[in-house]
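Visitor: Below are the sequence and a predicted model for it; my questions follow.
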Amino acid sequence: MIDPKVPGAGRLNNVRRRALFAGTVVGLAGTALAAEASPAAAAAVSLDWYNVRDHGATGNGSDDDTAAIQAAITAAATAGGGTVYFPAGKYAVTPTTTDPALSVDGNGVRLVGAGSKASMLVKAANGTLLRMSGAPTDTTGNLHRRYCSIENLGFNGNSKTGLLLELYYNDNSYFRDVYMSSNRDLCIDAVEFWDSRFYNLVIEESTGTADSTTQPNVWLRNSSATSGWGYSADNINQIHFIGCRMEAFGTGALWITQGAAKTNNPNGIYLTDCKFETSSMQGGPHLKADAACRHVYASNIYAYAGGFAAGYTTAQNIIAWAAQASALENVLIANGTPATVNSGVDLYSGTGVTAVLRNVVGRYTSAPTGNHIYYEASSTGDFRVENSYSNIGGQNGGTIPTRNHPNPPLRLVAGKVSDSSFTRPPLDGTLAVDTTNNRLYVRVDGAWLSTALS
């Protein structure tokens, strides 16, 4: 309620309401106006808010908004960070053959839209749409781009080639409720990218160029070239994908590889509750983690191979899993009527480690042309494969391992084994060993049967 005894109270309340509304959109970067501030002081407070419309962007989908948006981004970067806001609209931006359309050239910059499909950046020519990368000459990590984010914003490739988002030499960034579509190339290329998170990233209808087998939607790698921008002396590490969805891709959804420079190992990559689905297959696996990777954990994954892009008929391996000291768990692989699946999982295990698969199930309408799980002949490590099977077709193929990771040790009991040897009564089929009398016990129909060990 406005107090009529306080001069200017109505105007102050209006200022407060505007600040509160802006703070709701801006989030932590917004600066709330103090309740006791005078109207003059309130008006002078900066919200670190850079509306692209205030810099001349139209968002009408036809005018070129490149310069206006870059001006807003540069203003935020020059100020040491801030929020660049995109009101609802379609913002046409134009890359060149050598430079991206837009570049985040400072740390602590947030790009925020009114919604991932309400505020859309649209590529007007071939090339990279947005660069959020550190210095191209730095291989030390000292000049990484840091503490940036993209939220509630869309990227439309407009059937052009070139990246939608370049993340070279970047760390401590996050991406939430981002929608990408209609790109004829990689969508996100990340090199020497650390400590960052993706939440509800959605990529659709991005298939790569004709006959390409190396343009997944997202590629995490140590390096994209042996020299120049993208050469990494370090690695990809500590990246999380949570609740992300990639659909209608041609050459894969998410790949994690070492890259062109043979140094270091991608590590600490976590995928959970993700969906990879396409009926536009050209070539390449949905999910790939190469043998250079360490500590990659993928859980609760749905991978669907529904059909091919026009002119393509070659069945593919859906998951290529060679990551070391890693685990692939709780995965459903499915297909439609076309025989799109060669192997559900192409599995490799390296020296001194164990390849772990748990609950990797194939629910196939048409049987794999190979097997649900294919064991690579070059494997030199152990395997731990549990409750992994398919409803139809060959279950296991390739070089079936003769060495496997050891089972959990049996309960050791000094004397006769009984239910009281356990904290709780165990299930039938439970095994235990009497170490005093060297006898192996098994529980059958509630009774313990035994045989001598020799």
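Guide: Cool, the structure landed.

Visitor: where does this structure have its least confident helix or strand?
Guide: helix 9-26 (a mean of 38; mean pLDDT, DSSP states H and E).

Visitor: where along the stretch 301-450 of the chain do the strands fall?
Guide: 319-321, 327-335, 345-347, 354-363, 371-375, 382-386, 389-390, 394-398, 411-413, 431-434, 439-444, 447-452 (DSSP state E, counting those that start in this stretch).

Visitor: domain assignment for this structure?
Guide: Domain assignment for the chain by automatic domain parsing gives 9-38, 48-185, 190-407, 411-452.

Visitor: Need the ones you listed in CSV (columns: mean neighbour count).
Guide: Every residue, glycine included, has its C-beta placed from N, CA and C. Converted to CSV, the domains of the chain look like this (neighbours: other Cβ atoms under 10 Å):
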stretch, mean neighbour count
domain 9-38, 14
domain 48-185, 20
domain 190-407, 20
domain 411-452, 13
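
Visitor: which stretch in the ones you listed has the least confidence?
Guide: Note on the domains of the chain: lowest mean pLDDT is at domain 9-38, with a mean of 38.

Visitor: and I69, what is it in contact with?
Guide: 52, 55, 57, 84, 86, 91, 93, 102, 121 (Cβ atoms under 8 Å, 6 or more residues apart in numbering).

Visitor: now swap in L130 and tell me
Guide: By Cβ under 8 Å, 6+ apart, L130 lies in contact with 100-104, 121, 155, 164-166.

Visitor: at 7 Å what do you get?
Guide: By Cβ atoms under 7 Å, 6 or more residues apart in numbering, the residues touching L130 are 100-102, 164-165.

Visitor: Need phi/psi at it.
Guide: phi -140, psi 130 (degrees, to the nearest 10).

Visitor: on that earlier part again, now, the most widely separated pair of the contacts of I69?
Guide: H55 and L121 (14.6 Å; Cβ to Cβ).

Visitor: Nearest to Y174 among the strands of the stretch 301-450 of the chain would be which one?
Guide: The nearest among the strands of the stretch 301-450 of the chain, by Cβ to Cβ, is strand 327-335 at 24.4 Å.

Visitor: Looks like G284 contacts S212 (just checking).
Guide: No - the pair G284 and S212 fails to qualify as a contact (Cβ atoms under 7 Å) at a distance of 8.4 Å.

Visitor: so what sits against both of these two?
Guide: T251.

Visitor: need the contact list for the residue nearest the centre of the chain.
Guide: In the chain, the C-alpha nearest the mean C-alpha coordinate belongs to F241, at 3.6 Å (Cα atoms, centre = their mean). For F241, the contact set (Cβ under 7 Å, 6+ apart) comprises 198, 271, 274.

Visitor: ok, those residues vs S450, which is closest?
Guide: Closest approach between the contacts of F241 and S450, by Cβ to Cβ: L271, at 45.5 Å.

Visitor: Model confidence at A41, what's the number?
Guide: pLDDT at A41 comes out at 42.

Visitor: Show me where the stretch 51-200 of the chain has its strands.
Guide: All strands of the stretch 51-200 of the chain, identified by DSSP E, counting those that start in this stretch, fall at 60-64, 82-86, 89-93, 102-103, 109-113, 119-123, 130-131, 145-146, 149-156, 165-171, 174-181, 188-199.

Visitor: Distance to A72 added to those strands, as TSV?
Guide: Output for those, formatted as TSV (distance: least, Cβ to Cβ, whole Å):
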stretch	distance to A72
strand 60-64	15
strand 82-86	5
strand 89-93	11
strand 102-103	10
strand 109-113	9
strand 119-123	13
strand 130-131	13
strand 145-146	17
strand 149-156	13
strand 165-171	18
strand 174-181	18
strand 188-199	22
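
Visitor: Show me the one of those that comes nearest Y375.
Guide: strand 188-199 (30.1 Å).

Visitor: so L143 makes contact with A135?
Guide: Yes - counting by Cβ under 7 Å, L143 does reach A135; the two are 4.0 Å apart.

Visitor: about what we covered before: of the strands of the stretch 51-200 of the chain, which is nearest T365?
Guide: Here strand 174-181 is closest among the strands of the stretch 51-200 of the chain (Cβ to Cβ), at 27.2 Å.

Visitor: helices or strands next to the closest one in the packing?
Guide: strand 149-156, strand 188-199, strand 202-204 (3 or more Cβ pairs under 7 Å, 6 or more residues apart in numbering; DSSP states H and E).

Visitor: what are the pairing partners of the helix or strand following the shortest one, and which direction each?
Guide: Okay, so that is strand 202-204. Where DSSP states H and E defines the elements, the next helix or strand beyond strand 202-204 is strand 218-223. Strand pairing for strand 218-223, determined by DSSP bridges: strand 188-199 (parallel), strand 254-259 (parallel).

Visitor: Could you point out which of the ones you listed sits nearest N391?
Guide: strand 254-259 (25.3 Å).

Visitor: contacting residues around the closest one?
Guide: Contacting residues not belonging to strand 254-259 are listed as 191, 216-224, 232, 236, 246, 266, 269, 287-290, 292-293, 296 [Cβ under 7 Å, 6+ apart].

Visitor: on that earlier part again, possible to save the contacts of I69 as JSON lines with distance to P409?
Guide: Formatted as JSON lines, these follow (distance: Cβ to Cβ, whole Å):
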{"residue": "V52", "distance to P409": "63"}
{"residue": "H55", "distance to P409": "66"}
{"residue": "A57", "distance to P409": "65"}
{"residue": "V84", "distance to P409": "58"}
{"residue": "F86", "distance to P409": "58"}
{"residue": "Y91", "distance to P409": "61"}
{"residue": "V93", "distance to P409": "61"}
{"residue": "L102", "distance to P409": "58"}
{"residue": "L121", "distance to P409": "57"}
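
Visitor: ok, now which ones touch G429?
Guide: 442-443.

Visitor: how does it look with 8 Å?
Guide: Taking Cβ under 8 Å, 6+ apart, one finds 442-444 in contact with G429.

Visitor: Save the residues you listed as a markdown table, and put in distance to T365 too.
Guide: Below are the contacts of G429 laid out as a markdown table (distance: Cβ to Cβ, whole Å):
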| residue | distance to T365 |
| --- | --- |
| V442 | 40 |
| R443 | 40 |
| V444 | 40 |
